[in-house]
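>>> Next come a sequence and a model predicted from it.
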Amino acid sequence: MKGIFITAEGPEGAGKTTITGMIAAHLKENGYPVVLTREPGGIKIAEQIRHIILNPENTEMDARTEALLYAASRRQHLAEKVLPALEQGRIVLCDRFIDSSLAYQGYARGIGIEEVYRINQFATGGLLPDLTLYFDVEAETGLSRIAKNHNREVNRLDLEAIDFHRKVREGFQILLKRFPERIHAIDANKEVEYIYHTALQKVLDAIFRHYGKNFPG
């Protein structure tokens with residue numbers, strides 16, 4: 001049986017990376033075959049592209065260049081890591097995927113959601129996640145968390161004006177309405193334990209539906 005592809009999305013500072021890591025640790029401890037990865041990045045070539053995209057010095061980067069670099073990174077990551085893992089029947093948990101490109105470049109950058117979607121259809125061969133967890137937080141709250149987290153890298157997108165980050169959140173809200181069966185919103189303003197348990201339950205429900213309740217076993 002093919003594996004299941006689960007992604008985590010949200011504005012900057014939503015806490016999705018922390019929660020996804022906690023979920024992956026729980027699943028591994030309970031014997032699930034899990035691959036935890038991220039975008040942009042996850043493998044050598046994609047990490048090199050990540051450095052170009054997120055380097056704070058690259059302020060002159062054109063919006064379409066940015067969108068194409070994300071798509072290129074995504075393609076290599078899929079071909080080299082995600083698709084092989086799914087073929088092996090694994091659970092792939094990915095920190096960001098296509099929805100980030102649609103919200104950030106498609107909506108917030110003003111390129112157009114449909115235009116960016118077409119670019120990514122080519123890059124992914126039409127692959128969409130089986131489940132997407134969207135961690136929703138107001139832009140001001142998310143950026144405040146980033147400012148307090150000295151262990152987190154400050155990237156080029158973090159330095160955008162507050163209006164850009166508000167538009168990112170608006171973009172995700174549009175995607176929630178477009179893909180209601182795939183994308184599930186979680187209130188990321190609440191306590192970490194609540195967010196974690198809510199997200200974990202949605203992941204477990206998806207796993208049981210996909211593999212059956214005796215998996216692993």
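Received, thanks. Please read all numbers here as calculations on a predicted model, not as lab measurements. Residues are numbered from 1 along each chain as shown.

>>> Distance check, the residue nearest the centre of the chain against Ala103.
Closest to where the C-alpha atoms of the chain average out (Cα atoms, centre = their mean) is Arg96, at 1.4 Å. According to Cβ to Cβ, to the nearest Å, Arg96 and Ala103 sit 10 Å apart. The way it works is simple: take the backbone N, C-alpha and C, and place the C-beta from them, glycine included.

>>> Just the buried positions in the top helix by length along the chain, please.
In the chain, assigned by DSSP state H, the helix with the most residues is helix 192-211. For helix 192-211, burial by neighbour count (16 or more other Cβ atoms under 10 Å) applies to Ile195, Tyr196, Thr198, Ala199, Leu200, Lys202, Val203, Leu204, Ala206, Ile207, His210, Tyr211.

>>> Quick check: of those, which lies closest to Asn120?
Ala206 (22.0 Å; Cβ to Cβ).

>>> returning to that earlier point: my guess is the residue nearest to the centre of the chain contacts Pro11, does it?
No: applying Cβ atoms under 8 Å as the test, Arg96 and Pro11 come out as separate, 11.3 Å apart.

>>> Which phi and psi values does the residue nearest to the centre of the chain adopt?
Main-chain torsions, Arg96, degrees, to the nearest 10: phi 80, psi 150.

>>> Could you check how far the residue lying closest to it once chain neighbours are set aside is from Thr59?
Of all residues not flanking Arg96 in the chain, Glu39 sits nearest, at 4.4 Å (Cβ to Cβ, 6 or more residues apart in numbering). Distance of Glu39 to Thr59, computed by Cβ to Cβ: 22 Å.

>>> Mind checking which of those two has more residues around it?
Glu39 (22 against 8; other Cβ atoms under 10 Å).

>>> got the contact list for the more buried one?
Residues counted as contacts of Glu39 (Cβ atoms under 8 Å, 6 or more residues apart in numbering) are Ala46, Tyr70, Ser73, Arg74, His77, Cys94, Asp95, Arg96, Phe97, Ser100.

>>> try His210
Applying Cβ under 8 Å, 6+ apart, the residues near His210 are Ile4, Asp130.

>>> how near is it to Ala63?
36 Å.

>>> what helices or strands is the lowest-mean-pLDDT helix or strand in the chain leaning on?
Here the helix or strand of the chain ranked lowest by mean pLDDT, DSSP states H and E is helix 139-148, holding a mean of 86. Using 3 or more Cβ pairs under 8 Å, 6 or more residues apart in numbering; DSSP states H and E, the elements in contact with helix 139-148 are helix 162-178.
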